[in-house]
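Asks: Give the three-dimensional model of this entry:
(4 chains)
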Protein chains: 2
Amino acid sequence: MTRLRAKVWLEKDGVPVLGDGRAVLLETIDKEGSIHRAAGKLGMSYRHAWGIIQKINRAWGEGVVHSTKGGKEGGKTELTTSGRALLKEYHKKAAALDRFLK
Amino acid sequence: MTRLRAKVWLEKDGVPVLGDGRAVLLETIDKEGSIHRAAGKLGMSYRHAWGIIQKINRAWGEGVVHSTKGGKEGGKTELTTSGRALLKEYHKKAAALDRFLK
DNA sequence: TAACGTTATGCTTTACAAAGCATAACGGAT
DNA sequence: ATCCGTTATGCTTTGTAAAGCATAACGTTA
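Replies: Numbering: from 1, shown residues only, chains lettered A, B, ... in the order given. You can find the predicted model right below:
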């Protein structure tokens, strides 16, 4: 009936980098290979998804995705090595905390 | 440099009841004996503090404070037994999680 | 070269929390 | 009866995150 809940996020130099929502966005981009499709799948505007990625990049100091424009499919986006490392660090820490919340 | 942070709160039936900000407000009211002075001390409008208390009451199902109007001092507010119990439960759980975050 | 799907951005509109403003009520003290 | 400090609320303004709208650019394919 009454329960403790927690919202968890990674910070770098006091600036928020990655929380649950952002992590899901990056994962969906990774799966879909496109910001556009990821945003659609998550019911979020492309504009907003793109803005979030800019924020992550600025906070993290390195690009978490690499995009190309044009071509057969119109373009694509994939996670950088740095982006994958970030996701991994977040999941590792967040999972430990989740286990603790029981 | 990069660090995991968490915001913690108590929920009842899925509705947020008490987080860090609200807990500090209740504690300050307890210490000051007045919503008005507590709000001032926390740099928050009385109006806002009052609104927060309404939300806590609704979410928690019981009044967390008891107030009286008028009189020598203008009025006063103190925590109810239920309010103290709520604070205690929150602190107990939140403290355990804080220890974990290291 | 025209079409297509996506990346990339600027600007406007919504949605909502917090702040701020205003006013009534209360009851002891003067 | 008046003053004072606080409780109690309604209404308006501000600030900020998200949504929405519009447009340009890009490179393969038909």
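Asks: Could I get the contacting residues of A:Tyr79?
Replies: Wrong residue type there; residue A:79 is Leu, not Tyr. A:26, A:29-30, A:64-66, A:87 (CB atoms under 8 Å, 6 or more residues apart in numbering or on different chains). Glycine gets a C-beta too; all of them are placed from N, C-alpha and C.
Asks: correction: A:Ala59
Replies: A:Ala59 neighbours (CB under 8 Å, 6+ apart): A:12, A:15-17.
Asks: can you tell me the helix or strand for A:His36?
Replies: helix A:35-41 (DSSP states H and E).
Asks: Please apply the same query to A:Lys55.
Replies: Assigned by DSSP H and E, A:Lys55 belongs to helix A:46-60.
Asks: try A:Ile29
Replies: According to DSSP H and E, A:Ile29 maps onto helix A:20-32.
Asks: Need the contact partners of that helix.
Replies: Contact with helix A:20-32 is made by A:7-9, A:18, A:35, A:38-39, A:41-42, A:44, A:49, A:52-53, A:56, A:64-65, A:77-79, A:83, A:86-87, A:90-91, A:94, as judged by CB under 8 Å, 6+ apart.
Asks: which residues touch the strand ranked longest in chain A?
Replies: Counting residues, the longest strand found in chain A (DSSP state E) is strand A:2-12. The contact list for strand A:2-12 (CB under 8 Å, 6+ apart) reads A:16-20, A:59-61, A:86, A:89-90, A:93-94, A:97, A:101, B:1-12, B:16-17, B:89, B:93-94, B:97.
Asks: If you count neighbours, what's buried in it?
Replies: Under the neighbour-count criterion of 16 or more other CB atoms under 10 Å in any protein chain shown, strand A:2-12 has A:2, A:4, A:6, A:8-11 buried.
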